[in-house]
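Participant: fold the stuff below for me.
(one chain, ligands or ions: 1)
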Amino acid sequence: MFALIVHGGAGQWHEERLPRAIEGVERALDVGISILAHEGSAIDAVEQAVMVLEDDPAFDAGTGSYANTDGDVEMDAIIADGSTGRFGAVAAIRNLRHPISVARKVMEDTPHCLLAGEGATRYAHANGFDFISNELLIGDATHPAHDTVGAVALDARGHIAVATSTGGTRAKMPGRVGDSPIFGAGAYADAACGVSATGVGEYIMRVLLAKFVADGIARGLTPDVAAQGGIAHLANIQGSGGVITIDRDGRVGKHFNTLAMPFAYVDGRGQRNVGS
Ligand code: GLY
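Facilitator: Have a look, this model is predicted:
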């Protein structure tokens, strides 16, 4: 049994942009499924799925990111392995095609959890990651606000992993870091479930949204009910966004309180669903 869910960001999507976004999340889902169906690992599946979304300018992550008020793209990403309890993250990293892969390298090959700013960018350079110009990273600033991509997977060995990547919010201050690279806020994974969050980071951080949803699952809620509870909790402080989650039984949950959140998943029973 395996399961995978991906999303392309909760926000005020224009109706006419949704078909393209749904195509994008389906493409990412299929790449992840091709790994999981061949007994690949959850961590490989979420990394590869998010790399597809980072390369797609329809989404605010990697290519397609919002620029800050200086005109520079600064990106955040996190990857977490529920089977080991480890995570790696980067914050305010520049000129990287795949911030999620740098986050994985931080997790696997450094004694640290989170590298930020120039140090993160230098680390990526020293380790041969694909660099890309600021101009190519910048997305269409006329997009209505929507943000962040994410993926959660359960593999055949029962391991859960999660990945979240973002260009952050439109016209943010230089140096601003959102919820995405904060473990428990933008992502969380343990042996029982994985959660990825999207939305306005300044609110998500205050409620540790991903951990809040995971705590609901730990108390016995289904992933869907826990996701609804998380978004209600976020809404209590006027926050908006969405979450995706999978538990160790391959049950999928998703919820959002924005206009749309393109998503695609296959659950542990092999049921496939795509929507926004
Ligand atoms: N949720 C992404 C951010 O606020 O940066």
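Participant: what's the first-to-last distance across stretch 105-121?
Facilitator: Terminal residues of stretch 105-121 lie 13 Å apart, using C-alpha to C-alpha, to the nearest Å.
Participant: got a list of contacts for that stretch?
Facilitator: Contacts to stretch 105-121, defined as C-beta atoms under 8 Å, 6 or more residues apart in numbering, come from residues 79-81, 86-96, 102, 123-124, 127, 129, 175, 177, 181, 183. (Glycine included, C-beta is placed from N, CA and C.)
Participant: in helices only, show me those residues.
Facilitator: 102, 123-124 (DSSP state H).
Participant: wait, doesn't N134 sit right on D72?
Facilitator: Yes. The pair N134 and D72 qualifies as a contact (C-beta atoms under 8 Å) at a distance of 5.9 Å.
Participant: identify the contacts common to these two.
Facilitator: Shared contacts of N134 and D72, defined by C-beta under 8 Å, 6+ apart, comprise R94.
Participant: residues touching E74, list them.
Facilitator: Here E74 is in contact with 68, 92-94, 167-168, 172, 174-176 (C-beta under 8 Å, 6+ apart).
Participant: return the set of buried residues in stretch 117-137.
Facilitator: Buried residues in stretch 117-137, counted by 16 or more other C-beta atoms under 10 Å: 120-121, 123-124, 129, 132, 137.
Participant: so which of those residues also contact the ligand?
Facilitator: Contacts with the ligand are made by none of the buried residues of stretch 117-137, judged by C-beta under 6 Å from any ligand atom.
Participant: could you find the closest non-adjacent residue to Y123?
Facilitator: Leaving aside its chain neighbours, Y123 sits nearest to L115 (5.6 Å; criterion: C-beta to C-beta, 6 or more residues apart in numbering).
Participant: partners of the strand or helix carrying that neighbour, with directions?
Facilitator: Assigned by DSSP states H and E, L115 belongs to strand 114-116. Strand 114-116 sits in its sheet next to strand 86-93 (parallel), going by DSSP bridges.
Participant: ok, and does the partner strand reach over to the ligand?
Facilitator: No. Using C-beta under 6 Å from any ligand atom, we find that strand 86-93 stays clear of the ligand, coming within 9.8 Å at best.
Participant: now what about that strand, what contacts it?
Facilitator: Under C-beta under 8 Å, 6+ apart, the answer for strand 86-93 is 74-81, 96, 99, 102-108, 110, 112-117, 120-121, 124, 175-177, 181-183, 187, 189.
Participant: please indicate which of those residues are buried?
Facilitator: Buried residues within the contacts of strand 86-93, counting neighbours by 16+ other C-beta under 10 Å: 74-81, 96, 99, 102-107, 113-116, 120-121, 124, 176-177, 181-183, 187, 189.
Participant: quick one: secondary structure of G230?
Facilitator: Classification of G230 by DSSP: H, G, I helix; E, B strand; the rest coil places it in helix.
Participant: distance of it relative to G253?
Facilitator: 9 Å (C-beta to C-beta, to the nearest Å).
Participant: which neighbours do those two share?
Facilitator: Counting by C-beta under 8 Å, 6+ apart, the shared contacts of G230 and G253 are 213, 243.
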